[in-house]
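**Student:** Sequence and predicted structure are below.
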Amino acid sequence: MYRRRQWNSNNPSRKFVWQCKTYIMNGKKACAAKAVDESVLKDAFVRVFNQLYENREGFIKTLMENIEKVLLHKPSDREIEALENKIEELKTELKRLIRFQTNNGMDDEVYREEYKRISGELEKLREKRAEVDKDSILKESLKGKVDEIIEVIKGRQEALEEFDEGIFNALVEKIEVVSPTHFVFELKSGARVEERI
């Protein structure tokens, strides 16, 4: 994890750098990572964006194909409905069992086993339903990020000449610092682009 710091703050030659958090907290012995000049990172992003921009049609096509593949693995409305119906059936079965035990009485051991079986199945199905919802939310979120990336790239009339914070924030999820001159930009779509200076 890197933190932004200002070097030579009382000096005309002041500049911003990104430094490893472990290095800041515990010193050179804890982390040997070198500081990265912010202007170098910005220049690297400009080059990454311009590469994407030059190949924008191919890049956008790949993004669209990838997001379509991801969305294809989304459960259908029919599958979700079948899951919900099974949950309702088990809830009804459990209520019936409890009512029967209350009104007629049945062997305690048989009741406990049957209750455990039904409630166990019900719990598994509820967990599966929660996973389906979580997966759907993640996929919709990814689709939104991809749409935003496409909109930003299509909205440009030309390559970047200087760093643009709005475009950076719209495209980049994080930057992996391999060395002070070697970076991997992870885009919000999940795509990774390497840049060496």
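**Tutor:** Good, I have the coordinates. Numbering: from 1, shown residues only.
**Student:** what separates the residue in the chain sticking out farthest from the centre from residue 93, distance-wise?
**Tutor:** For the chain, the largest distance from the centre (Cα atoms, centre = their mean) belongs to residue 104, which lies 52.9 Å off. Residue 104 sits at a distance of 16 Å from residue 93 (criterion: Cβ to Cβ, to the nearest Å). Quick note: C-beta positions are derived from backbone N, CA and C, even for glycine.
**Student:** Was I right to think residue 84 contacts residue 129?
**Tutor:** Yes: when contacts are counted by Cβ atoms under 8 Å, residue 84 is listed as touching residue 129 (7.1 Å).
**Student:** Now name the helix or strand holding residue 161.
**Tutor:** Assigned by DSSP states H and E, residue 161 falls within no helix or strand.
**Student:** And it, its phi and psi?
**Tutor:** The phi/psi pair for residue 161 (degrees, to the nearest 10) reads phi -100, psi -20.
**Student:** quick one: contacts for it?
**Tutor:** By Cβ atoms under 8 Å, 6 or more residues apart in numbering, the residues touching residue 161 are residue 46.
**Student:** what about the helices in the protein?
**Tutor:** 21-26, 38-54, 56-72, 77-104, 108-155, 165-171 (DSSP state H).
**Student:** Using a markdown table, lay out those together with mean pLDDT and distance to residue 184.
**Tutor:** Listed next are the helices of the chain as a markdown table, based on pLDDT from 0 to 100; distance: least, Cβ to Cβ, whole Å:
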| stretch | mean pLDDT | distance to residue 184 |
| --- | --- | --- |
| helix 21-26 | 87 | 19 |
| helix 38-54 | 93 | 10 |
| helix 56-72 | 84 | 17 |
| helix 77-104 | 90 | 37 |
| helix 108-155 | 90 | 17 |
| helix 165-171 | 91 | 14 |
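**Student:** nearest to residue 4, of the ones you listed?
**Tutor:** helix 38-54 (7.1 Å; Cβ to Cβ).
**Student:** hmm, who's touching stretch 184-192?
**Tutor:** With contact meaning Cβ under 8 Å, 6+ apart, stretch 184-192 is reached by 44-45, 48, 63, 66-67, 142, 145-146, 148-149, 170-176, 178, 193-195.
**Student:** Can you measure across it, start residue to end residue?
**Tutor:** Start-to-end span of stretch 184-192 (Cα to Cα, to the nearest Å) is 6 Å.
**Student:** Could you do stretch 189-197 as well?
**Tutor:** Stretch 189-197: ends 24 Å apart by Cα to Cα.
**Student:** which residue packs closest to residue 121, ignoring adjacent ones?
**Tutor:** Once flanking residues are discounted, residue 121 sits nearest to residue 90: 5.7 Å by Cβ to Cβ, 6 or more residues apart in numbering.
**Student:** Pretty sure residue 122 is one of the things that neighbour touches, is it not?
**Tutor:** Yes: counting by Cβ under 8 Å, residue 90 touches residue 122, with 4.4 Å between them.
**Student:** List the pairing partners of the longest strand seen in the chain within its sheet, with orientation.
**Tutor:** In the chain, taking DSSP state E as the definition, the longest strand is strand 172-179. Strand 172-179 pairs in its sheet with strand 182-187 (antiparallel), by DSSP bridges.
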